[in-house]
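**Q** Sequence first, then the predicted structure, then my questions.
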Amino acid sequence: MVQHCYEAATAAKAAGRPVVGILCEYTPRELVFAAGGLPVCLCGGDAGKIPAAEETLPANLCPLIKSTFGYHVTGTNPFLEMADLLVAETTCDGKKKMYELMAEQRPMHVLELPQKPDDPAAFAHWRVELEELRAELGRRFGVDITDDCLREGIRRMNRERALRRGLAGTLRRVPPPFTGRELLDLKSLISGLPADLERYAAALKAVEAAPGRADLSDRVRVLLTGVPVVHGAERVVDLVEAHGGVIVCMENCTGLKPILDDVDADAPDPLGAIAEKYFHLPCSVMTPNRRRMELLKRLAVDYKVDAVIELIWQACLTYDVESNRVKREVAADLGLPYLRIETDYSPSDSARIAVRVEALFETARSRSGGLAAAPFSPGSVA
């Protein structure tokens, strides 16, 4: 899919269509579509780009931020080099300050994200932020972003979200028809590409007719929460699924969180409808973040999980602090074993993580009579 995205972005540039880089799920892709643009995710997942970033950024910063900045200073992300505009969302402080450095050399619009999800004044400010983004896209690309253009973008994203939800929903089955990593590999770097939508639809049709995979029947069913698992940084997902687990639900930003809710394409105020959907994404930067806890519990029951694993990138303070609450509520309300994994993009701690994952799975098996009694053998990994 990455190669396909490169071809799509190159073709868009050749046709005079703007490429808009986004760095978080809070940027409404509907607005980019309405401006005639192509929204491309630029979050870095390559450990090899971090040393160049650390010449400027602190070494103890989040690896996602450092990798993204490393691509910037080395000029090695073709999508970033093609971008006519970057939309930078003020989620965490590390990203916010990194954006200042990137903006010295690249066109950027900062989208300020209020962080009180239940405050009407905060939502009103967010609505103003999206109005300003709409105006900036219109000015920069010389287009009139009408309500009808917004509705067309909404319908496009609603279709993509529905297809991806459908694929993720098949993992509710016991056993599931494929693994969490296979689902993750179906996520494109560019939203709304017609070829991708066709691929999603074909994959969904095929998997709906397919039986559950027998080789996954003895795996521990895992809900993965925490930080996003961006392209190139799938190491922990691979470790979980190589040592007895199958990730049947990803609550994070590269999983279900941003695709659970659609936008009303027929709303009288389409920009307001877009603002409502995106403002209530339950990221750990929000305070208080009750929606995330409610979502985790609902998904854990819905996907019949046996354990919860929370992934924390080094120095991701909001998710790290919130992990204590996740652990307490998973234990108290769901009675499930929980594992917090704090790591970066380096494979140096892979063996230690594997041991901890296996210990978690032994605990999960001992608590559930529905899991295979015999220990999982890594040799059975598909």
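**A** Done, it's in.

**Q** ok, now how distant is the most centrally placed residue in the chain from residue 5?
**A** Ranked by distance to the mean C-alpha position of the chain (Cα atoms, centre = their mean), the top residue is residue 254 at 2.0 Å. Per Cβ to Cβ, to the nearest Å, residue 254 is found 15 Å from residue 5. (C-beta placed from N, C-alpha, C; glycine too.)

**Q** can you check residue 324 too?
**A** From residue 324 across to residue 5, the span is 37 Å (Cβ to Cβ).

**Q** In terms of neighbours, single out the busier of these two.
**A** The neighbour count for residue 324 versus residue 5, taken as other Cβ atoms under 10 Å, is higher for residue 5 (21 against 10).

**Q** ok, now which ones touch the residue nearest to the centre of the chain?
**A** Neighbour list for residue 254: 184, 187, 228, 229, 230 [criterion: Cβ atoms under 8 Å, 6 or more residues apart in numbering].

**Q** can I assume residue 159 is in contact with residue 197?
**A** Yes: Residue 159 is within contact range of residue 197, at 6.2 Å (criterion: Cβ atoms under 8 Å).

**Q** who has more neighbours, those two?
**A** Counting neighbours by other Cβ under 10 Å for residue 159 and for residue 197 shows that residue 197 has the greater number, 18 against 15.

**Q** List the residues that contact that one.
**A** 159, 160, 163.

**Q** For burial, what's the neighbour tally of the nearest residue in space to residue 346 that is not next to it in sequence?
**A** Closest residue to residue 346 apart from its sequence neighbours, by Cβ to Cβ, 6 or more residues apart in numbering: residue 47 at 6.0 Å. A total of 18 residues lie near residue 47 under the criterion other Cβ under 10 Å.

**Q** quick one, phi/psi of residue 38?
**A** With angles defined as degrees, to the nearest 10, residue 38 sits at phi -110, psi 110.

**Q** An error on my part: the question was meant for residue 186.
**A** According to degrees, to the nearest 10, residue 186 has phi -90, psi 0.

**Q** Provide a list of residues in contact with it.
**A** By Cβ under 8 Å, 6+ apart, the neighbours of residue 186 are 1, 164, 167, 199, 200, 203.

**Q** Restricted to helices, list the residues you listed.
**A** Here DSSP state H is the test, and the contacts of residue 186 give 164, 167, 199, 200, 203 as lying in helices.

**Q** ok, of these, which one's closest to residue 320?
**A** Of all the ones in helices among the contacts of residue 186, residue 320 sits closest to residue 164, with 27.7 Å by Cβ to Cβ.

**Q** what about that closest one, how many residues close to it?
**A** 22.

**Q** which non-adjacent residue is nearest it?
**A** Closest to residue 164 by Cβ to Cβ, 6+ apart is residue 259, at 5.0 Å.

**Q** From residue 183, how far out is that neighbour?
**A** Going from residue 259 to residue 183 by Cβ to Cβ gives 12 Å.

**Q** helices or strands up against the helix or strand hosting residue 297?
**A** Using DSSP states H and E, residue 297 falls within helix 290-302. On a contact count with 3 or more Cβ pairs under 8 Å, 6 or more residues apart in numbering; DSSP states H and E, helix 290-302 meets strand 220-226, strand 245-250, helix 317-329.

**Q** what's the angle from the first one to strand 245-250?
**A** In this case it means strand 220-226. 50 degrees (axes from the mean of the first three to the mean of the last three Cα atoms, to 10 degrees).

**Q** Hmm, residue 123 is touching residue 277, no?
**A** No: using Cβ under 8 Å, residue 123 is not in contact with residue 277; the gap is 11.7 Å.

**Q** that older thread, any idea how many residues pack against the residue nearest to residue 164?
**A** The tally of other residues near residue 259 (other Cβ under 10 Å) stands at 20.

**Q** ok, now residue 37?
**A** Neighbours around residue 37, by other Cβ under 10 Å: 24.

**Q** quick one: it from residue 135, how far?
**A** Distance from residue 37 to residue 135, by Cβ to Cβ: 14 Å.

**Q** still on that earlier bit, list only buried entries from the ones in helices among the contacts of residue 186.
**A** 164, 167, 199, 200, 203 (16 or more other Cβ atoms under 10 Å).
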